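Undergrad: Show me how the following folds:
(one chain, ligands or ions: 2)
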Amino acid sequence: MTRHATQPIDGQKPGTSGLRKKTRVFMQPNYLENFVQSTFDAIGGVRGKTLVLGGDGRYFGREAASTILKMAAANGAARMIVGQGAWLSTPAASNLIRQRQANGGIILSASHNPGGPDEDFGVKYNSSNGGPAPESITSAIHKRTQEITEYHLLDAADPDLDSVGETKLGEMTVEVVDPVTAYADLMETIFDFNALRDVFKAGFRMRMDSMCAITGPYAVEIFENRLGAPAGTVTHGTPLPDFGGMHPDPNPTWAHELMDEMMGANAPDFGAASDGDGDRNMILGAGTYVSPSDSLAVLAANAHLVPGYKDGLKGVARSMPTSAAADRVAEALGLDCYETPTGWKFFGNLMDAGRVSLCGEESFGTGSDHVREKDGLWAVLMWLNILAARKMSVAEIMADHFARYGRNYYSRHDYEALPTEQAEAMLDDLRGRLGELKGTQVEGLTVESSDEFSYTDPVDGSVAEGQGFRILFEGGSRVVLRLSGTGTEGATLRVYLERYAPGPDGLDHDPQEALAPIIRATEALVGIRERTGRERPDVIT
Ligand code: G6P
Ligand code: ZN
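TA: Residues are numbered from 1 along each chain as shown. Ligands and ions are numbered 1, 2, ... in the order given. Here you go, the predicted structure:
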């Protein structure tokens with residue numbers, strides 16, 4: 001008997017990046033099963049297909065993987081390629097889908113959200129190009145969850161996920177692969193590993209904080225084993241079901257241990273961190289924090305120094321709230337530059353069409369067309385390769401970059417877990433006043449224009465509306481406001497602040513000070529403090 005009757009469950013609507021819920025919600029009877037069967041149904045079934053499966057090692061991942069394998073077998077799948085221990089970083093999963101020409105893949109992760117029985121879990125479907133499913137598929141999945149009546153699950157023992165090799169689950173082949181090898185091999189084809197080995201041999205000091213999440217084994221293999229960095233370069237390198245209690249989001253707030261070390265005396269030359277599923281990154285030098293928007297711009301300006309990009313980039317793309325620092329580089333290099341809504345899925349078409357090779361987001365995501373996800377360790381290797389080629393420190397590279405292109409001072413202020421109605425009312429009110437803001441003088445700034453961002457995909461013509469509010473001030477400063485699409489509790493308001501300084505003076509201010517007038521103007525125009533009662537943001541990046 002593989003057929004099980006079920007009923008639709010409310011709220012199974014994928015967000016910015018798959019379905020994310022509290023782990024206990026996922027552990028309810030039929031919850032995971034309904035969503036996975038709906039996914040299978042929405043992609044036309046899995047009969048005869050090959051899928052990749054793995055996740056970031058968080059609590060419930062292994063159990064979920066077993067259930068999904070039994071469901072795939074009962075639904076007639078031919079082969080499932082699974083990371084050993086049900087582990088695969090998101091970029092490694094994307095790589096496997098592409099390399100093995102699989103029909104798609106399922107990633108078990110809630111990315112940078114904490115893990116554990118009382119924290120978050122998530123399921124995401126990626127298509128055959130290795131990238132997150134487009135909106136057309138995620139809405140088909142959601143629709144199916146509302147009408148589902150049965151799912152299929154093989155009555156069998158849990159498959160062995162710990163031994164590399166092939167076994168049978170019913171008629172289906174389960175192929176357990178080492179999660180790291182194929183990914184590490186791919187990195188060797190992009191970067192100059194010989195030059196990097198020399199850098200470590202010469203005493204270069206690096207700290208990689210894997211935050212008890214999935215990149216630990218990858219980082220140890222790449223930096224310590226293949227590149228010869230000293231043992232212990234990677235900290236928090238063992239993936240744990242609850243991430244050791246850490247909040248695996250690589251930003252100055254959550255990666256504070258790394259921040260303290262990099263800002264302290266005797267800091268290493270280079271520091272980096274990655275998130276739960278390994279697609280985000282934070283870059284630091286001794287005493288230097290590199291904002292994600294600046295990181296994208298530096299990578300764009302220096303990519304030709306890396307073997308994988310020696311012939312130059314096809315083009316660059318960034319999400320709308322990301323600063324325009326990369327646009328200045330693109331302009332100087334004569335590259336096309338695209339502005340997309342928040343969410344990596346919007347880069348997929350541009351990469352598939354060969355229009356861009358480098359993409360980035362302010363949310364600590366950077367990547368290229370080597371896979372179809374953002375890629376934390378790839379970004380770290382880009383920086384390492386650029387540091388090796390230019391023989392400069394991170395601080396020197398940043399100063400040189402700002403001197404050449406000017407500086408886009410940038411910061412994001414997050415107000416977390418606001419009552420949803422309150423946050424929505426605040427933005428609805430702003431929407432109602434958007435048209436009247438032009439010409440408003442506030443805190444010494446004049447509003448030049450304001451709108452709500454909508455995007456027409458240049459490849460397939462699809463339209464995404466309501467993608468965030470933009471208020472532009474005369475002189476090139478701006479504030480962007482939107483609600484997060486990845487949270488699981490209430491609403492998170494994100495306020496993105498940007499101010500351009502052309503230089504040569506005024507390039508080395510503290511970003512919060514440089515942005516103070518825009519922060520005050522935002523309060524005057526939107527009234528965040530007044531409406532929410534929050535004195536300050538919960539997270540500042
Ligand atoms: C995930 C997506 C990113 C996106 C980020 C922020 O990490 O993969 O593409 O930028 O979420 O989303 P949010 O809606 O929370 O601002
Ligand atoms: Zn992630």
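Undergrad: If you count contacts, what does the host helix or strand of Gln84 end up packed against?
TA: Using DSSP states H and E, Gln84 sits in strand 79-87. Packed against strand 79-87 by the contact rule (3 or more C-beta pairs under 8 Å, 6 or more residues apart in numbering; DSSP states H and E) you find strand 50-55, helix 61-74, helix 90-99, strand 172-177. Just so you know, the C-beta spots here come from the backbone N, C-alpha and C atoms, and that holds for glycine as well.
Undergrad: so which of the ones you listed comes closest to Glu166?
TA: Checking the helices and strands packed on strand 79-87 against Glu166 by C-beta to C-beta gives strand 172-177 as the closest, at 5.0 Å.
Undergrad: near ligand 1, which residues of this protein?
TA: 16-17, 111, 342-344, 361, 363, 365, 484-486, 494 (C-beta under 6 Å from any ligand atom).
Undergrad: mind giving me CSV with the residues you listed and columns for neighbour count?
TA: Shown next, in CSV, are those (neighbours: other C-beta atoms under 10 Å):
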residue, neighbour count
Thr16, 18
Ser17, 23
Ser111, 27
Thr342, 26
Gly343, 21
Trp344, 24
Glu361, 25
Ser363, 25
Gly365, 27
Ser484, 17
Gly485, 16
Thr486, 19
Arg494, 23
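Undergrad: Identify those among these that sit within strands.
TA: Among these, DSSP state E puts Glu361, Gly365, Arg494 in strands.
Undergrad: partners of the first one in the sheet?
TA: When bridges are assigned using DSSP bridges, the partners listed for Glu361 are Gly365.
Undergrad: For the strand holding Gln84, which strands pair with it and how are they oriented?
TA: For strand 79-87, pairing defined by DSSP bridges yields strand 50-55 (parallel), strand 172-177 (parallel).
Undergrad: what's the most buried one of these?
TA: Mean neighbours per residue, mean count of other C-beta atoms under 10 Å, is largest over the strands paired with strand 79-87 for strand 50-55, with a mean of 28.
Undergrad: Other residues contacting that one?
TA: 61, 64-65, 68-69, 72, 77-83, 86-88, 92-93, 96-97, 100-109, 126, 179, 214, 277 (C-beta atoms under 8 Å, 6 or more residues apart in numbering).
Undergrad: now stretch 495-511
TA: Under C-beta under 8 Å, 6+ apart, the answer for stretch 495-511 is 291, 321, 323-324, 362, 399, 402-403, 406-415, 475-481, 514-515, 518-519, 522, 528, 537.
Undergrad: Any of the residues you listed buried? List them.
TA: 291, 321, 323-324, 362, 399, 402, 406-415, 477-481, 514-515, 518-519, 522, 528, 537 (16 or more other C-beta atoms under 10 Å).
Undergrad: Quick check: Arg24 touching Asp120?
TA: No - Arg24 is beyond contact range of Asp120, at 10.2 Å (criterion: C-beta atoms under 8 Å).
Undergrad: who has more neighbours, these two?
TA: Asp120 (25 against 13; other C-beta atoms under 10 Å).
Undergrad: what about the strands in the stretch 151-300 of the chain?
TA: 165-169, 172-177, 206-209, 234-235, 270-274, 281-285, 288-290 (DSSP state E, counting those that start in this stretch).
Undergrad: wait, which of those is closest to Glu224?
TA: That would be strand 234-235 among the strands of the stretch 151-300 of the chain, by C-beta to C-beta, at 6.3 Å.
Undergrad: remind me which residues of the stretch 51-200 of the chain are low pLDDT?
TA: Along the stretch 51-200 of the chain, the model assigns pLDDT under 70 to no residue.
Undergrad: can you give me the strands for the stretch 301-450 of the chain?
TA: With DSSP E, counting those that start in this stretch as the criterion, the stretch 301-450 of the chain has strands spanning 315-319, 336-340, 358-361, 365-368, 407-418, 441-442, 445-452.
Undergrad: and of these, who's closest to ligand 2?
TA: Nearest to ligand 2 among these is strand 365-368; the distance by C-beta to the ion comes to 7.7 Å.
Undergrad: Figure out how far the closest one is from the centre of its chain.
TA: Centre-to-centre, strand 365-368 and its host chain are 8 Å apart (C-alpha atoms, centre = their mean, to the nearest Å).
Undergrad: can you list the residues of the protein near ligand 2?
TA: Ser111, Asp275, Asp277, Asp279, Arg280 (C-beta under 5 Å from the ion).
Undergrad: give me that answer again for 6 Å
TA: Thr90, Ser111, His112, Asp275, Gly276, Asp277, Asp279, Arg280 (C-beta under 6 Å from the ion).
Undergrad: Closest one of the residues you listed to ligand 1?
TA: When these are ranked by distance to ligand 1 (C-beta to the nearest ligand atom), Ser111 comes first, at 5.3 Å.
Undergrad: Identify the residues contacting the closest one.
TA: Ser17, Arg20, Asp56, Thr90, Gly122, Asp275, Gly276, Asp277, Asp279, Arg280, Thr486.
Undergrad: Would you list the phi and psi of it?
TA: With angles defined as degrees, to the nearest 10, Ser111 sits at phi 50, psi -120.
Undergrad: Among the helices and strands packed on strand 79-87, which comes closest to Ala425?
TA: helix 90-99 (34.6 Å).
Undergrad: Can you name the next helix or strand after the closest one?
TA: Toward the C-terminus from helix 90-99 - assigned by DSSP H and E - lies strand 104-108.
Undergrad: Which strand residues bridge Asn126?
TA: Going by DSSP bridges, Asn126 forms beta bridges with Gly105, Pro132.
Undergrad: quick one: it and Ala93 touch, right?
TA: Yes - using C-beta under 8 Å, Asn126 is in contact with Ala93, at 6.8 Å.
Undergrad: Looking at the two, which is more packed in?
TA: Shown here are Asn126 and Ala93; by other C-beta under 10 Å, Ala93 has more neighbours (34 against 27).
Undergrad: What count of nearby residues applies to His4?
TA: 15.
Undergrad: now Thr23, nearest residue through space, not along the chain?
TA: Among residues not flanking Thr23 along the chain, Phe121 sits closest, at 4.2 Å (C-beta to C-beta, 6 or more residues apart in numbering).
Undergrad: quick one: the one you found from Pro248, how far?
TA: Distance, Phe121 to Pro248, using C-beta to C-beta, to the nearest Å: 14 Å.
Undergrad: In terms of neighbours, single out the busier of the two.
TA: Of the pair Phe121 and Pro248, Pro248 is the one with more neighbours under other C-beta under 10 Å, namely 33 against 29.
Undergrad: mind checking how far the more buried one is from Asp242?
TA: The spacing between Pro248 and Asp242, counted by C-beta to C-beta, is 10 Å.
Undergrad: where do the contact lists of those two overlap?
TA: Pro114, Gly115.
Undergrad: List phi and psi for the closest residue to Gly57 other than its chain neighbours.
TA: Leaving out its chain neighbours, the residue that sits closest to Gly57 by C-beta to C-beta, 6+ apart is Pro239, at 3.6 Å. Torsion angles at Pro239 (phi, psi; degrees, to the nearest 10) stand at phi -60, psi 130.
Undergrad: Next, count neighbours for Pro239.
TA: Pro239, neighbours per other C-beta under 10 Å, totals 29.
Undergrad: wait, what's in contact with it?
TA: Here Pro239 is in contact with Asp56, Gly57, Trp87, Ser210, Cys212, Ala213, Ile214, Gly216, Pro217 (C-beta under 8 Å, 6+ apart).
Undergrad: that older thread, now do the shared contacts for Phe121 and Pro248.
TA: Joint contacts of Phe121 and Pro248 (C-beta under 8 Å, 6+ apart) are Gly115.
Undergrad: just the ones in strands among the residues of the chain next to ligand 1 now: which is nearest Phe191?
TA: Using C-beta to C-beta, those come closest to Phe191 at Gly365, 19.1 Å.
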